[in-house]
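Participant: Just need the structure, nothing else, for what follows:
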Amino acid sequence: MKCPHCLHAFHDNVEMVHLHEDADGFYRIEKQKCAACARFVLELVQSVQSNAKWVDSWRRLIHPKTVSRSPISSEVPESYLNDYNEAALILEDSPKASAALSRRCLQNLLQNVLGIKKPNLDQEIQEVISQGKLHQDLLDSLDAVRTIGNFAAHPIKSKSSGEVVDVEPHEAEWNLEVLEMMFDSLFVQPATIKKRRAALDAKLNDAGKPSLK
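Facilitator: Residues are numbered from 1 along each chain as shown. The predicted structure is shown next:
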C-alpha cells in the first residue's frame, strides 16, 4: 500500500485490534507501520454476518486524517487550493458539505479567473459553455456538474452555491474531479507552457537569436 503520511509504498504488515460487537456489526482496527517514515496507519473496519460468515462491510482511514486524492500542483493559487483540500478532506464524512465547498470553489474560478458573472452558477456554467474557450472535454464535464447535481430540481445549488443541501449519488466526487480538470486547464498547463517558452528563449539568446514572440 502507499503510506498516506509520506506517500512511499510499503508491504502490508497488518496487525488487528479487535474491539466490540454491537447491533450493526463487529468492529476492529487494522494497524500498519510504514517502513519509510515509521508512522502508524490506522483503519477502522466494520464486519457483518452474511451466510454464517463475517464479511467486511466498510473500512475508514482514521489516522492520519488526510486527503485521499492525488496532490494538487503548487501552481494553483492558495485560495482555490484551500477550498479544494477541505472539500476533499470531508468528502467521506459529509458529501453534502464537500459538494457545497466545491461548488463555491467552481463559482469563484468562473467569476475570478474567467470573468463570468451571472445571477447564479447554472447560468455561469452555461455562459462558459457558450463561449467555448475551454477544451470540449472540460466543457462537457462542467455541463455534467449541473446534470449530476440535478440543478433543475435543486435550484438552491446554483443560486446559493455554498449552501449545504442534499446531494445526488457521486455528485461530490464528480465536483472534485471537475475542479482538478479546471486547475489543470487554468493554472498548470499555462505555467508549464510559460516555463518551456522561457527555457527556449534562453537557448535562443545563447545562440544569438531573437526570443519568441
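Participant: List the neighbours of the lowest-mean-pLDDT helix or strand in the chain that are in contact with it.
Facilitator: Ranked by mean pLDDT, DSSP states H and E, the weakest helix or strand in the chain is helix 156-159, scoring a mean of 78. With Cβ atoms under 8 Å, 6 or more residues apart in numbering as the contact definition, helix 156-159 has outside contacts at R103, P119, N120, L121, D122, Q123, R146, G149, F151, E163, V165. For every residue, glycine as well, the C-beta is placed using N, CA and C.
Participant: and the last one, which of the three is it?
Facilitator: Assigned state for V165: coil (three-state reduction, DSSP: H, G, I helix; E, B strand; the rest coil).
Participant: what sits against it?
Facilitator: With Cβ under 8 Å, 6+ apart, V165 has these contacts: K96, A100, H154, I156, K157.
Participant: From E168, how far out is the first one?
Facilitator: The one in question is K96. The spacing between K96 and E168, counted by Cβ to Cβ, to the nearest Å, is 11 Å.
Participant: and what of the second one?
Facilitator: Spatial separation of A100 from E168 under the definition Cβ to Cβ is 13 Å.
Participant: Now, of the contacts of V165, which are buried?
Facilitator: Neighbour counting with 16 or more other Cβ atoms under 10 Å marks A100, H154, K157 as buried within these.
Participant: how about JSON lines for those, with distance to H20 added?
Facilitator: Shown next, in JSON lines, are those (distance: Cβ to Cβ, whole Å):
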{"residue": "A100", "distance to H20": "35"}
{"residue": "H154", "distance to H20": "40"}
{"residue": "K157", "distance to H20": "40"}
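Participant: Tell me how the chain divides into domains.
Facilitator: Per automatic domain parsing, the domain ranges recorded for the chain read 15-63, 78-198.
Participant: rewinding a little: any residues in contact with both of K96 and E168?
Facilitator: Common neighbours of K96 and E168 (Cβ under 8 Å, 6+ apart) do not exist.
Participant: if we can go back for a sec, need the next SSE after the least confident helix or strand of the chain, C-terminal direction.
Facilitator: helix 171-183 (DSSP states H and E).
Participant: Let me know whether A191 touches V76 as I believe.
Facilitator: No. Assessed by Cβ atoms under 8 Å, A191 is found out of contact with V76, at 9.5 Å.
Participant: neighbour count winner among these two?
Facilitator: Using other Cβ atoms under 10 Å as the criterion, A191 and V76 rank with V76 on top: 20 against 14.
Participant: quick one: that one from S94, how far?
Facilitator: Taking Cβ to Cβ, one finds V76 at 23 Å from S94.
Participant: cool, H135 as well?
Facilitator: Counting by Cβ to Cβ, the gap from H135 to S94 is 32 Å.
Participant: picking that back up, now flag whichever of the contacts of V165 is closest to A202.
Facilitator: The shortest approach to A202 among those belongs to A100, at 45.3 Å (Cβ to Cβ).
Participant: how close does the closest one get to P119?
Facilitator: For A100 relative to P119 (Cβ to Cβ), the value is 19 Å.
Participant: same question, G132
Facilitator: Per Cβ to Cβ, G132 is found 21 Å from P119.
Participant: now swap in L19 and tell me
Facilitator: Counting by Cβ to Cβ, the gap from L19 to P119 is 51 Å.
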